[in-house]
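Q: Pasting a predicted model and its sequence here:
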There are 2 protein chains.
Amino acid sequence: MVRILGIDPGSQRTGIGVIDVAADGRCTFVHCEALKLLDAADFPSRLGLLCEGLERVLDEWQPQQVAIETVFMDKSATSALKLGHARGAALATVVRRKLGVSEYAPRVIKQSLVGRGAADKTQVQHMVRLLLNLADGTKLQADAADALAVALTHAHMSATVMRTGVAINQLRRRGT
Amino acid sequence: MVRILGIDPGSQRTGIGVIDVAADGRCTFVHCEALKLLDAADFPSRLGLLCEGLERVLDEWQPQQVAIETVFMDKSATSALKLGHARGAALATVVRRKLGVSEYAPRVIKQSLVGRGAADKTQVQHMVRLLLNLADGTKLQADAADALAVALTHAHMSATVMRTGVAINQLRRRGT
(Lines give C-alpha, C1' and ligand atoms only; values in the text may rest on other atoms or scores of the structure.)
Protein backbone atom coordinates (compact mmCIF):
# COMPACT_ATOMS: atom_id res chain seq x y z
CA MET A 1 0.00 0.00 0.00
CA VAL A 2 1.19 3.49 -0.85
CA ARG A 3 -0.17 6.69 0.66
CA ILE A 4 -0.27 9.66 -1.73
CA LEU A 5 -0.75 13.32 -0.86
CA GLY A 6 -2.19 15.48 -3.63
CA ILE A 7 -1.82 19.27 -3.50
CA ASP A 8 -3.79 21.85 -5.48
CA PRO A 9 -1.84 24.98 -4.56
CA GLY A 10 -3.42 28.43 -4.47
CA SER A 11 -2.68 31.65 -2.61
CA GLN A 12 -6.31 32.03 -1.45
CA ARG A 13 -7.08 28.36 -0.78
CA THR A 14 -4.83 25.32 -1.11
CA GLY A 15 -6.50 21.95 -1.61
CA ILE A 16 -5.16 18.88 0.17
CA GLY A 17 -6.15 15.28 -0.63
CA VAL A 18 -4.80 12.03 0.79
CA ILE A 19 -5.50 8.59 -0.69
CA ASP A 20 -4.20 5.06 -0.18
CA VAL A 21 -3.37 2.91 -3.20
CA ALA A 22 -3.47 -0.87 -2.74
CA ALA A 23 -1.15 -3.27 -4.59
CA ASP A 24 -3.97 -4.03 -7.06
CA GLY A 25 -4.29 -0.31 -7.86
CA ARG A 26 -7.52 0.24 -5.94
CA CYS A 27 -7.66 3.73 -4.37
CA THR A 28 -9.21 4.54 -0.99
CA PHE A 29 -10.15 7.97 0.36
CA VAL A 30 -8.18 8.94 3.49
CA HIS A 31 -8.55 12.70 4.03
CA CYS A 32 -9.20 15.97 2.28
CA GLU A 33 -9.45 19.62 3.23
CA ALA A 34 -8.95 23.13 1.88
CA LEU A 35 -6.47 25.37 3.69
CA LYS A 36 -8.09 28.81 3.87
CA LEU A 37 -5.38 31.44 3.55
CA LEU A 38 -7.33 34.69 3.10
CA ASP A 39 -7.59 35.34 6.85
CA ALA A 40 -3.84 36.06 7.00
CA ALA A 41 -2.77 39.66 7.65
CA ASP A 42 -0.75 39.94 4.42
CA PHE A 43 0.49 37.91 1.46
CA PRO A 44 3.69 36.55 3.09
CA SER A 45 1.60 35.42 6.10
CA ARG A 46 -0.67 33.47 3.72
CA LEU A 47 2.38 31.49 2.61
CA GLY A 48 3.24 30.91 6.27
CA LEU A 49 -0.29 29.54 6.89
CA LEU A 50 0.03 27.33 3.81
CA CYS A 51 3.29 25.78 5.10
CA GLU A 52 1.93 25.33 8.62
CA GLY A 53 -1.18 23.58 7.30
CA LEU A 54 0.84 21.40 4.96
CA GLU A 55 3.26 20.38 7.72
CA ARG A 56 0.32 19.48 9.97
CA VAL A 57 -1.09 17.24 7.22
CA LEU A 58 2.35 15.65 6.56
CA ASP A 59 2.72 14.94 10.30
CA GLU A 60 -0.76 13.55 10.71
CA TRP A 61 -1.13 11.43 7.57
CA GLN A 62 2.51 10.56 6.77
CA PRO A 63 2.19 10.25 2.97
CA GLN A 64 4.99 8.44 1.11
CA GLN A 65 4.55 10.21 -2.22
CA VAL A 66 3.40 13.69 -3.19
CA ALA A 67 1.74 14.93 -6.39
CA ILE A 68 1.07 18.56 -7.26
CA GLU A 69 -0.66 20.44 -10.08
CA THR A 70 1.48 22.54 -12.41
CA VAL A 71 0.46 26.10 -13.23
CA PHE A 72 -1.93 26.66 -16.10
CA MET A 73 -0.09 29.43 -17.96
CA ASP A 74 -3.16 30.96 -19.60
CA LYS A 75 -3.81 32.77 -16.35
CA SER A 76 -2.80 36.43 -16.15
CA ALA A 77 0.83 37.12 -15.29
CA THR A 78 -0.22 38.49 -11.88
CA SER A 79 -2.26 35.46 -10.88
CA ALA A 80 0.41 33.09 -12.27
CA LEU A 81 2.93 34.91 -10.08
CA LYS A 82 0.78 34.58 -6.94
CA LEU A 83 0.18 30.93 -7.73
CA GLY A 84 3.94 30.52 -8.24
CA HIS A 85 4.52 31.83 -4.70
CA ALA A 86 2.04 29.32 -3.26
CA ARG A 87 3.51 26.44 -5.28
CA GLY A 88 7.04 27.45 -4.27
CA ALA A 89 6.12 27.50 -0.57
CA ALA A 90 4.36 24.11 -0.87
CA LEU A 91 7.17 22.46 -2.88
CA ALA A 92 9.83 23.73 -0.48
CA THR A 93 7.90 22.31 2.50
CA VAL A 94 7.58 18.89 0.84
CA VAL A 95 11.17 18.75 -0.43
CA ARG A 96 12.53 19.65 3.02
CA ARG A 97 10.91 16.40 4.25
CA LYS A 98 12.87 14.44 1.61
CA LEU A 99 9.65 13.39 -0.11
CA GLY A 100 9.62 12.99 -3.89
CA VAL A 101 7.22 15.26 -5.78
CA SER A 102 5.55 14.47 -9.10
CA GLU A 103 4.04 17.31 -11.10
CA TYR A 104 1.02 17.01 -13.38
CA ALA A 105 -0.49 19.57 -15.76
CA PRO A 106 -4.27 20.23 -15.36
CA ARG A 107 -4.79 18.76 -18.84
CA VAL A 108 -3.02 15.52 -17.90
CA ILE A 109 -5.15 15.23 -14.74
CA LYS A 110 -8.38 15.66 -16.74
CA GLN A 111 -7.19 13.20 -19.39
CA SER A 112 -6.27 10.65 -16.74
CA LEU A 113 -9.56 10.89 -14.81
CA VAL A 114 -12.17 11.67 -17.45
CA GLY A 115 -10.39 10.60 -20.63
CA ARG A 116 -10.57 14.09 -22.13
CA GLY A 117 -8.03 16.89 -21.55
CA ALA A 118 -10.78 19.47 -21.94
CA ALA A 119 -13.17 17.98 -19.34
CA ASP A 120 -14.90 20.45 -17.01
CA LYS A 121 -14.61 20.65 -13.24
CA THR A 122 -17.90 18.91 -12.48
CA GLN A 123 -16.87 15.89 -14.57
CA VAL A 124 -13.56 15.68 -12.71
CA GLN A 125 -15.35 15.92 -9.35
CA HIS A 126 -17.82 13.25 -10.45
CA MET A 127 -14.94 10.88 -11.29
CA VAL A 128 -13.18 11.65 -7.99
CA ARG A 129 -16.36 10.59 -6.14
CA LEU A 130 -16.75 7.49 -8.29
CA LEU A 131 -13.13 6.32 -8.05
CA LEU A 132 -12.99 6.89 -4.29
CA ASN A 133 -16.43 5.44 -3.72
CA LEU A 134 -17.73 8.60 -2.03
CA ALA A 135 -21.48 8.92 -1.59
CA ASP A 136 -23.10 11.63 -3.73
CA GLY A 137 -24.12 13.49 -0.58
CA THR A 138 -20.53 13.80 0.69
CA LYS A 139 -19.51 17.45 0.90
CA LEU A 140 -16.44 17.89 -1.28
CA GLN A 141 -14.88 21.35 -1.40
CA ALA A 142 -13.74 22.22 -4.96
CA ASP A 143 -10.02 22.70 -4.12
CA ALA A 144 -9.98 19.55 -1.98
CA ALA A 145 -11.54 17.62 -4.89
CA ASP A 146 -8.82 18.94 -7.23
CA ALA A 147 -6.18 17.78 -4.76
CA LEU A 148 -7.73 14.30 -4.67
CA ALA A 149 -7.77 14.38 -8.50
CA VAL A 150 -4.02 15.00 -8.73
CA ALA A 151 -3.38 12.23 -6.15
CA LEU A 152 -5.54 9.83 -8.23
CA THR A 153 -3.69 10.86 -11.40
CA HIS A 154 -0.39 10.02 -9.74
CA ALA A 155 -1.77 6.63 -8.66
CA HIS A 156 -2.91 5.88 -12.24
CA MET A 157 0.32 7.11 -13.83
CA SER A 158 2.49 5.09 -11.45
CA ALA A 159 0.40 1.96 -12.15
CA THR A 160 0.67 2.54 -15.92
CA VAL A 161 4.42 2.97 -15.63
CA MET A 162 4.76 -0.23 -13.65
CA ARG A 163 2.68 -2.07 -16.24
CA THR A 164 4.32 -0.73 -19.36
CA GLY A 165 7.81 0.00 -18.14
CA VAL A 166 7.67 3.45 -19.69
CA ALA A 167 9.68 5.96 -17.71
CA ILE A 168 7.28 8.02 -15.63
CA ASN A 169 9.15 11.17 -16.52
CA GLN A 170 7.97 10.89 -20.09
CA LEU A 171 4.35 10.84 -18.98
CA ARG A 172 4.56 13.81 -16.71
CA ARG A 173 4.36 17.34 -17.91
CA ARG A 174 6.89 19.33 -15.96
CA GLY A 175 5.49 22.82 -16.28
CA THR A 176 8.01 24.56 -14.04
CA MET B 1 21.29 48.54 16.60
CA VAL B 2 19.11 46.60 14.17
CA ARG B 3 20.30 43.70 12.03
CA ILE B 4 18.65 43.49 8.59
CA LEU B 5 18.67 40.57 6.19
CA GLY B 6 18.19 41.45 2.53
CA ILE B 7 17.10 38.77 0.05
CA ASP B 8 17.31 38.94 -3.74
CA PRO B 9 15.39 35.79 -4.64
CA GLY B 10 16.05 33.79 -7.79
CA SER B 11 15.56 30.18 -8.81
CA GLN B 12 19.13 29.87 -10.13
CA ARG B 13 20.90 31.98 -7.50
CA THR B 14 19.48 33.73 -4.45
CA GLY B 15 21.42 36.67 -3.05
CA ILE B 16 21.75 37.13 0.71
CA GLY B 17 23.02 40.28 2.42
CA VAL B 18 23.20 41.10 6.13
CA ILE B 19 23.86 44.59 7.52
CA ASP B 20 23.73 46.27 10.92
CA VAL B 21 22.09 49.67 11.29
CA ALA B 22 23.20 51.84 14.19
CA ALA B 23 20.87 54.25 16.03
CA ASP B 24 22.33 57.17 14.00
CA GLY B 25 21.43 55.34 10.76
CA ARG B 26 24.98 54.30 9.88
CA CYS B 27 25.07 50.91 8.13
CA THR B 28 27.79 48.28 8.58
CA PHE B 29 28.48 45.26 6.39
CA VAL B 30 28.02 41.93 8.22
CA HIS B 31 27.78 39.15 5.63
CA CYS B 32 26.84 38.41 2.04
CA GLU B 33 26.68 35.36 -0.20
CA ALA B 34 24.87 33.92 -3.21
CA LEU B 35 23.08 30.60 -2.73
CA LYS B 36 23.82 28.56 -5.86
CA LEU B 37 20.75 26.46 -6.70
CA LEU B 38 21.54 25.08 -10.16
CA ASP B 39 23.33 21.99 -8.79
CA ALA B 40 20.00 20.59 -7.52
CA ALA B 41 18.59 17.52 -9.29
CA ASP B 42 15.32 19.24 -10.25
CA PHE B 43 13.33 22.43 -9.76
CA PRO B 44 11.62 21.44 -6.46
CA SER B 45 15.05 20.49 -5.03
CA ARG B 46 16.33 23.97 -5.91
CA LEU B 47 13.62 25.42 -3.66
CA GLY B 48 14.70 22.98 -0.95
CA LEU B 49 18.31 24.19 -1.26
CA LEU B 50 17.10 27.81 -1.11
CA CYS B 51 15.23 27.18 2.18
CA GLU B 52 18.12 25.24 3.69
CA GLY B 53 20.57 28.01 2.85
CA LEU B 54 18.23 30.70 4.13
CA GLU B 55 17.62 28.85 7.40
CA ARG B 56 21.39 28.46 7.88
CA VAL B 57 21.82 32.24 7.42
CA LEU B 58 18.90 33.00 9.79
CA ASP B 59 20.44 30.69 12.43
CA GLU B 60 23.94 32.06 12.04
CA TRP B 61 23.27 35.81 11.76
CA GLN B 62 19.96 36.16 13.63
CA PRO B 63 18.55 39.18 11.74
CA GLN B 64 15.68 41.10 13.38
CA GLN B 65 14.15 42.42 10.15
CA VAL B 66 13.96 41.09 6.62
CA ALA B 67 13.65 42.93 3.30
CA ILE B 68 13.05 41.32 -0.09
CA GLU B 69 12.82 42.51 -3.70
CA THR B 70 9.46 42.31 -5.45
CA VAL B 71 9.21 40.77 -8.90
CA PHE B 72 9.79 43.03 -11.88
CA MET B 73 6.76 42.12 -14.01
CA ASP B 74 8.32 43.00 -17.37
CA LYS B 75 9.97 39.59 -17.29
CA SER B 76 8.41 36.82 -19.35
CA ALA B 77 5.52 34.95 -17.71
CA THR B 78 7.69 31.83 -17.43
CA SER B 79 10.58 33.53 -15.66
CA ALA B 80 8.16 35.51 -13.45
CA LEU B 81 6.58 32.20 -12.47
CA LYS B 82 9.96 30.60 -11.60
CA LEU B 83 10.91 33.71 -9.65
CA GLY B 84 7.52 33.52 -7.90
CA HIS B 85 8.35 29.99 -6.73
CA ALA B 86 11.70 31.14 -5.32
CA ARG B 87 10.13 34.18 -3.60
CA GLY B 88 7.34 32.01 -2.20
CA ALA B 89 9.81 29.53 -0.72
CA ALA B 90 11.93 32.35 0.76
CA LEU B 91 8.93 34.27 2.18
CA ALA B 92 7.48 31.13 3.75
CA THR B 93 10.81 30.34 5.43
CA VAL B 94 11.07 33.85 6.88
CA VAL B 95 7.42 34.08 7.98
CA ARG B 96 7.63 30.71 9.73
CA ARG B 97 10.30 32.31 11.97
CA LYS B 98 7.82 35.07 12.90
CA LEU B 99 10.05 37.70 11.29
CA GLY B 100 8.43 40.71 9.63
CA VAL B 101 9.13 41.08 5.90
CA SER B 102 9.20 44.35 3.97
CA GLU B 103 8.98 44.25 0.19
CA TYR B 104 10.58 46.76 -2.17
CA ALA B 105 10.25 47.11 -5.94
CA PRO B 106 13.54 47.21 -7.94
CA ARG B 107 12.71 50.82 -8.93
CA VAL B 108 12.33 51.88 -5.30
CA ILE B 109 15.67 50.25 -4.42
CA LYS B 110 17.45 52.12 -7.23
CA GLN B 111 15.74 55.38 -6.31
CA SER B 112 16.71 54.94 -2.67
CA LEU B 113 20.37 54.13 -3.35
CA VAL B 114 21.25 56.08 -6.48
CA GLY B 115 18.49 58.69 -6.55
CA ARG B 116 17.20 57.51 -9.92
CA GLY B 117 14.68 54.70 -10.47
CA ALA B 118 16.31 53.88 -13.80
CA ALA B 119 19.88 53.53 -12.47
CA ASP B 120 21.91 50.60 -13.84
CA LYS B 121 23.33 47.67 -11.87
CA THR B 122 26.91 49.01 -11.73
CA GLN B 123 25.71 52.28 -10.17
CA VAL B 124 23.76 50.34 -7.53
CA GLN B 125 26.78 48.16 -6.78
CA HIS B 126 28.98 51.25 -6.56
CA MET B 127 26.62 52.79 -3.97
CA VAL B 128 26.46 49.51 -2.01
CA ARG B 129 30.28 49.55 -1.74
CA LEU B 130 30.31 53.23 -0.80
CA LEU B 131 27.54 53.04 1.83
CA LEU B 132 29.02 49.93 3.44
CA ASN B 133 32.58 51.23 3.20
CA LEU B 134 33.76 48.21 1.20
CA ALA B 135 37.13 48.53 -0.52
CA ASP B 136 36.99 48.62 -4.33
CA GLY B 137 38.92 45.35 -4.49
CA THR B 138 36.33 43.44 -2.41
CA LYS B 139 34.74 40.67 -4.47
CA LEU B 140 30.99 41.28 -4.51
CA GLN B 141 28.85 38.75 -6.35
CA ALA B 142 26.04 40.49 -8.29
CA ASP B 143 23.11 38.76 -6.51
CA ALA B 144 24.75 39.27 -3.10
CA ALA B 145 25.18 42.98 -3.95
CA ASP B 146 21.47 43.22 -4.87
CA ALA B 147 20.58 41.61 -1.53
CA LEU B 148 22.71 44.18 0.31
CA ALA B 149 20.99 46.89 -1.75
CA VAL B 150 17.50 45.84 -0.60
CA ALA B 151 18.73 45.66 3.02
CA LEU B 152 20.15 49.21 2.69
CA THR B 153 16.89 50.42 1.14
CA HIS B 154 14.98 49.04 4.12
CA ALA B 155 17.39 50.81 6.49
CA HIS B 156 16.89 54.12 4.64
CA MET B 157 13.11 53.75 4.40
CA SER B 158 12.78 52.89 8.09
CA ALA B 159 14.92 55.91 9.02
CA THR B 160 12.83 58.17 6.77
CA VAL B 161 9.63 56.89 8.31
CA MET B 162 10.93 57.47 11.81
CA ARG B 163 11.93 61.00 10.86
CA THR B 164 8.78 62.01 9.06
CA GLY B 165 6.19 59.87 10.77
CA VAL B 166 4.82 58.77 7.42
CA ALA B 167 3.44 55.22 7.49
CA ILE B 168 6.06 52.95 5.97
CA ASN B 169 3.35 51.13 4.03
CA GLN B 170 2.83 54.19 1.88
CA LEU B 171 6.49 54.20 0.90
CA ARG B 172 6.69 50.57 0.02
CA ARG B 173 5.57 49.17 -3.26
CA ARG B 174 3.87 45.89 -2.56
CA GLY B 175 4.20 44.16 -5.89
CA THR B 176 2.74 40.81 -4.82
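A: Structure received. Numbers count the residues shown, from 1 in each chain, chains lettered A, B, ... in the order given.
Q: Is residue A:147 in contact with residue A:7, as I believe?
A: Yes. Between residue A:147 and residue A:7 there is a contact under Cβ atoms under 8 Å: 5.8 Å. C-betas here are computed from N, CA, C, even on glycine.
Q: shared neighbours, these two?
A: Common neighbours of residue A:147 and residue A:7, using Cβ atoms under 8 Å, 6 or more residues apart in numbering or on different chains, are A:15, A:16, A:17.
Q: From residue A:57, how far off is the last one?
A: Pointing back at residue A:17 there. 10 Å (Cβ to Cβ, to the nearest Å).
Q: out of the shared contacts of residue A:147 and residue A:7, which is most surrounded?
A: For these, counting by other Cβ atoms under 10 Å in any protein chain shown, the largest number of neighbours falls to residue A:17: 30 neighbours.
Q: partners of it in the sheet?
A: Counting by DSSP bridges, residue A:17 forms beta bridges with residue A:6, residue A:32.
Q: and for residue A:17 and residue A:57, which residues touch both?
A: Any residue near both residue A:17 and residue A:57 by Cβ under 8 Å, 6+ apart counts here, and that gives A:5, A:31.
Q: Nearest spatial neighbour of residue A:12, chain-adjacent residues omitted?
A: Excluding its sequence neighbours, the residue lying closest to residue A:12 (Cβ to Cβ, 6 or more residues apart in numbering or on different chains) is residue A:38, at 5.4 Å.
Q: how far away is the nearest residue in space to residue A:31 that is not next to it in sequence from residue A:67?
A: Of all residues not flanking residue A:31 in the chain, residue A:18 sits nearest, at 4.3 Å (Cβ to Cβ, 6+ apart). Per Cβ to Cβ, residue A:18 is found 11 Å from residue A:67.
Q: which of those two has more neighbours?
A: residue A:67 (29 against 23).
Q: Please give me every residue in contact with that one.
A: Residue A:67 makes contact with A:4, A:5, A:6, A:7, A:101, A:102, A:103, A:104, A:150, A:151, A:153, A:154, according to Cβ under 8 Å, 6+ apart.
Q: Repeat that for residue A:95.
A: So residue A:95 contacts A:101, B:44, B:45, B:47, B:48, B:51 (Cβ under 8 Å, 6+ apart).
Q: Scan these and report the most crowded one.
A: The most crowded member of the contacts of residue A:95, judged by other Cβ under 10 Å, is residue B:47 (33 neighbours).
Q: Torsion angles phi and psi at that one?
A: Dihedral angles of residue B:47 (phi, psi; degrees, to the nearest 10) stand at phi -70, psi -40.
Q: most distant residue from the middle of chain A?
A: Most distant from the centre of chain A: residue A:41, at 25.9 Å, with distances by Cα atoms, centre = their mean.
Q: Checking that residue next. Helix, strand or coil?
A: With DSSP: H, G, I helix; E, B strand; the rest coil as the basis, residue A:41 sits in coil.
Q: any chance you could read off phi and psi for whichever residue of chain A sits closest to chain B?
A: Closest to chain B within chain A is residue A:84: 2.5 Å, counting by Cβ to the nearest Cβ. Per-residue torsions, residue A:84: phi -60, psi -40 (degrees, to the nearest 10).
Q: So it is in contact with residue B:80, correct?
A: Yes. Using Cβ under 8 Å, residue A:84 is in contact with residue B:80, at 7.3 Å.
Q: okay, those two: which has more neighbours?
A: Between residue A:84 and residue B:80, residue A:84 has the larger neighbour count (other Cβ under 10 Å), namely 26 against 19.
Q: about what we covered before: which strand or helix spans the residue nearest to residue A:12?
A: For residue A:38, there is no host helix or strand (DSSP states H and E).
Q: That one: neighbour count?
A: Residue A:38: 9 surrounding residues under other Cβ under 10 Å.
Q: circling back to that earlier point, contacting residues for the residue of chain A closest to chain B?
A: Taking Cβ under 8 Å, 6+ apart, we find residue A:84 in contact with A:71, B:80, B:81, B:82, B:83, B:84, B:85, B:87, B:88.
Q: Helix, strand, or coil at the closest residue to residue A:92 other than its chain neighbours?
A: Spatially, and ignoring its direct neighbours in sequence, residue A:92 is nearest to residue B:89 (3.8 Å; Cβ to Cβ, 6+ apart). Following three-state DSSP, residue B:89 is assigned to helix.
Q: What residues sit buried inside the longest helix seen in chain A?
A: Taking DSSP state H as the assignment, the helix of chain A that covers the most residues is helix A:142-164. Buried positions in helix A:142-164, judged by neighbour count with 16 or more other Cβ atoms under 10 Å in any protein chain shown: A:143-158, A:161.
Q: picking that back up, surely the residue nearest to residue A:12 touches residue A:45?
A: No. Residue A:38 lies out of contact with residue A:45 (Cβ under 8 Å); the separation is 10.6 Å.
Q: so what sits against both of residue A:18 and residue A:67?
A: A:4, A:5, A:6, A:151.
Q: Need those in a markdown table (columns: pLDDT).
A: Shown next, in a markdown table, are the shared contacts of residue A:18 and residue A:67 (pLDDT from 0 to 100):
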| residue | pLDDT |
| --- | --- |
| A:4 | 98 |
| A:5 | 98 |
| A:6 | 98 |
| A:151 | 98 |
